[in-house]
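Undergrad: Curious how this folds, go ahead:
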Amino acid sequence: QAPLYFIKKLKAGGINEEINQGGFLMPCNMTATTLLRSAMTKVGTTYYGGGAPSVPSGDRAAIMLALGINTSPQPTGTTYYLDNTHGSASDSNDGLSASSPWLTLNKALTTLTAGDMVVGKGTYTHAADITPTNSGTAGNPIIYRAETARNFIVDQQGNYDGFRLDTNSINYTVLDGLEIRDTYGSDGGGGVFTKDDNESIHVFNCYIHDIDCNSGGNSGGIRFDKQTGGVAFNNIIETVRVGGVSNNNAAGIHGYGHDEAILAFNKISDVENGLDAKNSITVNNWKLIGNDIDVNNAAIYVNVIGASQTAVAILNTQVYNNLIRRGAVNFECYEHAPQSEDMVFRNNVLLEKGVVNYQLKDAEYYDNIFDFDSTNEATTAITTQRRDNTPHAVTTCSIIYSDYNNYHSGSKFTTNRYAQEGGSEVTRMSLATWQAQTTGDGFGTIQVDNPDSNSTQLSNTFDADYITQNASLLTGGRYGGAVGLEYQAGPDWSAL
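TA: Now for the predicted structure:
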């Protein structure tokens, strides 16, 4: 019998209905994306779009649960307490109650084993990078949780990294509700840093700020290097530097190769780049959902490049419901990358720059708002670039769907071809010219007749709630739902 997939139905107030109480049952011949979209656009009897309110925290958790992520995991082992503000705190205590807590963070780092949780309170400065001794396991993560939101503070006072999880091959670890601040890495750095083929490091509800590293290094509020299954949910990340300055090596969430990543409902600001997969070894099955990004350069930058890198591709990327106040969106697959393909970009709002697609096949764009004037190539709404000077014969770049978007009246579209013999050919066009394109136009990058035939131009700059506050006031998208944000982007700490 063909397998069936189960997804929970979102209910008002964050209540989940199980399948026998009206949840969704999906035959295997339906796509998970299609059903997940149905779940996300309906809460109780209210559909998002048409001025719906922001998504309550419980429903955000349900969205994540539909993706297989429990944002409130509970310990399967022992719960310990850490509180250096308590008069009786001591590392000689058993730590089994709030009245007999441990004193130092190091006690928790060296004691916890798979399935254990420490509930922390107070401010801790660790005289080294923070390196746990033990790893969690699948189904039995190690959990570091704040007693109440962000009253478990790690302040490295500009001397060391934050949680450095690569030293002992740490996997299946959860950081929940912490404040991590003023960190400094001597060989690159991060507030949370993985670098050793780690698996399933989850960072929830944290405030990560004032992160720095050595000049010439790479820095991230969260740095997922060689990470599989990393999740960043409902965090605020700001003020990330390299050598004390903002440059292109700094990002809110940074990584050299992180597969199966879910980066959702984070707010990233005061940093050069937002979500950055740089010179990546592998980038598969990314889901970028509901983030609020305000950065200097690239809001989303997914890049596979360089002769020194193992040849890889960008595969199966989903980007939806993000509010991008400043920064471009770049998917760049250069000459040493094999065929990259399958990117869905929908229900996003972009207020400064557009989307650049270098060598990514089968891209889809729909239900987005591009609210900026394309004054130059860097601010073009959609750019496709085909590279013929690649050693991989199968590479191509193509758009297979683009429609039901809303564009600024000054929006432009660019198709670009790098030839075998060197040099490039560029065509920039208005929306009307873009809509007249047919299959095979744009140096072969357009694989649909009359793209954006149902899209419209905006007559004025928006200042309504669907841009910066709640869900979109525009309806009539590809599936009849919202154009623009289906629900509020960025973190919701109201219930924490």
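
Undergrad: Low-confidence stretches in this protein?
TA: Residue ranges of the chain with pLDDT under 70: 1-58, 167-168, 279-282, 304-313, 334-339, 377-378, 387-395, 418-424, 459-473, 495-496.

Undergrad: Would you agree residue 198 is in contact with residue 165?
TA: Yes. Using CB atoms under 8 Å, residue 198 is in contact with residue 165, at 5.8 Å. Quick note: C-beta positions are derived from backbone N, CA and C, even for glycine.

Undergrad: more neighbours, these two?
TA: A count of neighbours by other CB atoms under 10 Å puts residue 165 above the other of residue 198 and residue 165, at 28 against 24.

Undergrad: now that one, nearest residue through space, not along the chain?
TA: residue 194 (4.8 Å; CB to CB, 6 or more residues apart in numbering).

Undergrad: Look at that neighbour and say how many residues are nearby.
TA: The tally of other residues near residue 194 (other CB under 10 Å) stands at 27.

Undergrad: Over to the one 5 residues further on?
TA: Here the neighbour count serves as a burial measure; for residue 199 (other CB under 10 Å) it reads 21.

Undergrad: who are the neighbours in contact with it?
TA: By CB atoms under 8 Å, 6 or more residues apart in numbering, residue 199 lies in contact with 171-172, 227-229.

Undergrad: excluding its backbone neighbours, what's nearest it?
TA: Leaving aside its chain neighbours, residue 199 sits nearest to residue 171 (4.3 Å; criterion: CB to CB, 6+ apart).

Undergrad: Look up how far residue 162 lies from that neighbour.
TA: Relative to residue 162, residue 171 is positioned 18 Å away (CB to CB, to the nearest Å).

Undergrad: Those two: who's more crowded?
TA: Comparing residue 171 with residue 162 by other CB under 10 Å, the one with more neighbours is residue 162, at 30 against 23.

Undergrad: so the more buried one touches residue 190, yeah?
TA: Yes. Using CB under 8 Å, residue 162 is in contact with residue 190, at 6.5 Å.

Undergrad: and for these two, which residues touch both?
TA: Shared contacts of residue 162 and residue 190 (CB under 8 Å, 6+ apart): 183, 211.

Undergrad: bridging residues for the residue nearest to residue 165?
TA: residue 224 (DSSP bridges).

Undergrad: And the strands in the stretch 301-450 of the chain, which stretches?
TA: Taking DSSP state E, counting those that start in this stretch as the test, the strands found in the stretch 301-450 of the chain are 314-320, 323-333, 340-346, 349-350, 355-358, 360-366, 369-370, 382-387, 399-403, 406-408, 412-418, 424-430.

Undergrad: Show me what the second one is packed against.
TA: Counting contacts by 3 or more CB pairs under 8 Å, 6 or more residues apart in numbering; DSSP states H and E, strand 323-333 is packed against strand 273-277, strand 292-304, strand 314-320, strand 340-346, strand 349-350, strand 355-358, strand 360-366.

Undergrad: Distance from the chain centre to the fourth one, please.
TA: Between the mean C-alpha location of strand 340-346 and the chain-wide mean there is a distance of 15 Å, by CA atoms, centre = their mean, to the nearest Å.

Undergrad: same thing with the fifth one?
TA: Strand 349-350 sits 15 Å away from the centroid of its parent chain (CA atoms, centre = their mean).

Undergrad: State the paired neighbours of it in the sheet, together with their directions.
TA: Here strand 349-350 has these sheet partners by DSSP bridges: strand 323-333 (parallel), strand 369-370 (parallel).

Undergrad: can you pull the contacts of the residue nearest to the spatial centre of the chain?
TA: The chain has residue 263 as the residue nearest its centroid, 2.6 Å off, counting by CA atoms, centre = their mean. Neighbouring residues of residue 263 by CB under 8 Å, 6+ apart: 231-232, 253, 275, 286-289, 291.

Undergrad: Among those residues, which one has the most neighbours?
TA: Among the contacts of residue 263, residue 253 has the most neighbours (other CB under 10 Å), with 32 neighbours.

Undergrad: hey, what's that residue bridged with?
TA: Beta-bridge partners recorded for residue 253 (DSSP bridges): residue 222, residue 275.

Undergrad: Wait, it touches residue 271, no?
TA: No. Taking contacts as CB under 8 Å, residue 253 lies outside contact range of residue 271: 9.7 Å.

Undergrad: Mutual contacts of these two, please.
TA: Contact with both residue 253 and residue 271 is made by residues 221, 237, according to CB under 8 Å, 6+ apart.

Undergrad: now the helices: where do they sit in the chain?
TA: Per DSSP state H, the chain carries helices over the ranges 32-40, 57-66, 105-111, 431-435, 465-468.

Undergrad: name the helices or strands packed onto the fourth one?
TA: The elements that helix 431-435 packs onto, with contact taken as 3+ CB pairs under 8 Å, 6+ apart, are strand 412-418.

Undergrad: same check, this time on the longest one
TA: Contacting helix 57-66 under the criterion 3+ CB pairs under 8 Å, 6+ apart are the following elements: strand 9-10, helix 32-40, strand 262-264.
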